[in-house]
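Asks: how does the following fold in three dimensions:
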Amino acid sequence: MSTLPSKTLETFENPRPGRDFTIRMEIPEFTCLCPKTGQPDFATIELAYVPDQLCVELKSLKLYIWSFRDEGAFHEDITNQIMDDIVAAIQPKFLRVTGDFNVRGGIWTKVIAEHRAPGWTAPEAVDLP
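Replies: Now for the predicted structure:
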């Protein structure tokens, strides 16, 4: 596998496709460029998903995230683009992408995008004492 930035998200088969479980990832070193000024933007990208048949391979995810470093994009667009690309790659039952962007102009921005597969409902939460 390459060690250059890439828009390709590799996948692997879900080892437990008959069970709903959540995969959470935190990517604290996301960078892109402000489309207005060209200055760098920094963010933590959080992923939470319930896989169906496929999961995202981590090294390819790292290279995919790296591919945004020299691109200008608004926070809202980049968060939704990441969601769209992951959904296209793995067709999860559920995916939440949170873009928690560092302060710009005195304002912190957090963008949350979600995908739910048709017909999928979240299991009821259990609250243990």
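
Asks: helix or strand right after the top helix by length along the chain?
Replies: Determined from DSSP state H, the single longest helix within the chain is helix 75-90. Remark: after helix 75-90, the chain's next helix or strand is strand 94-104, criterion DSSP states H and E.

Asks: how far off centre is the following helix or strand past that next one?
Replies: Note on strand 94-104: by DSSP H and E, the next helix or strand toward the C-terminus is strand 107-116. Relative to the centre of its chain, strand 107-116 is centred 10 Å away, using CA atoms, centre = their mean, to the nearest Å.

Asks: next: stretch 53-60.
Replies: On CA atoms, centre = their mean, the centre of stretch 53-60 falls 12 Å from the chain's centre.

Asks: endpoint to endpoint, it covers what distance?
Replies: Across stretch 53-60, the terminal residues are separated by 18 Å (CA to CA, to the nearest Å).

Asks: returning to that earlier point: so which elements touch the longest helix of the chain?
Replies: Counting contacts by 3 or more CB pairs under 8 Å, 6 or more residues apart in numbering; DSSP states H and E, helix 75-90 is packed against strand 40-50, strand 54-56, strand 94-104, strand 107-116. From N, CA and C alone the C-beta is placed, and that goes for glycine too.
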